[in-house]
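Novice: mind folding the following:
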Amino acid sequence: MAKFGDLISAEKPVLIDFYKDWSEVDDTVHTLRDVAAVLGDKAKVIKIDIAKNEALAEALLVKGNPTFMIYKNGEMKWRQTSAQDANTLIGLVLKYL
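Specialist: Okay, the predicted model is just below:
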């Protein structure tokens with residue numbers, strides 16, 4: 001995985017899904033695929049496994065699953081810990097274009 005600082009420093013919005021690998025992931029994967037398909041190259045959509053990136057999750061105080069964040073130019077613009085539907089996530093990302 002690229003360095004987190006490099007990922008979030010993009011001028012485009014970056015939607016990140018911090019998740020744990022378990023049964024609900026399938027729903028989130030489909031949701032994120034829909035979001036990525038609609039946004040195209042206007043934004044980045046990234047999934048980060050909490051278990052495989054514990055230090056990063058701890059540093060960002062990720063306590064729940066899933067936790068979504070939107071970054072732009074290295075700055076966190078939005079954060080929510082709970083399931084989100086594709087339309088909600090698309091609308092949120094579009095606010096930061």
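Novice: buried sites along whichever strand or helix holds residue 36?
Specialist: Assigned by DSSP states H and E, residue 36 belongs to helix 25-39. Residues of helix 25-39 classed as buried: 25, 28, 31-32, 34-36, 38-39 (neighbour count, 16 or more other Cβ atoms under 10 Å). C-beta here means a position set from N, CA and C on the backbone, and glycine is covered the same way.
Novice: what ranges do the helices span in the protein?
Specialist: 4-8, 25-39, 54-59, 86-94 (DSSP state H).
Novice: of all these, which lies closest to residue 72?
Specialist: Nearest to residue 72, of all the helices of the chain, is helix 4-8, at 8.2 Å by Cβ to Cβ.
Novice: first to last residue in stretch 65-84, what's the distance?
Specialist: End-to-end distance for stretch 65-84: 11 Å, by Cα to Cα, to the nearest Å.
Novice: and if you look at stretch 72-85?
Specialist: 21 Å.
Novice: for the spatially closest residue to residue 92 that is not a sequence neighbour, list each beta-bridge partner.
Specialist: Leaving out its chain neighbours, the residue that sits closest to residue 92 by Cβ to Cβ, 6 or more residues apart in numbering is residue 78, at 5.7 Å. In this entry, residue 78 is beta-bridged to residue 70, by DSSP bridges.
Novice: what about residue 78, how many residues nearby?
Specialist: 16 (other Cβ atoms under 10 Å).
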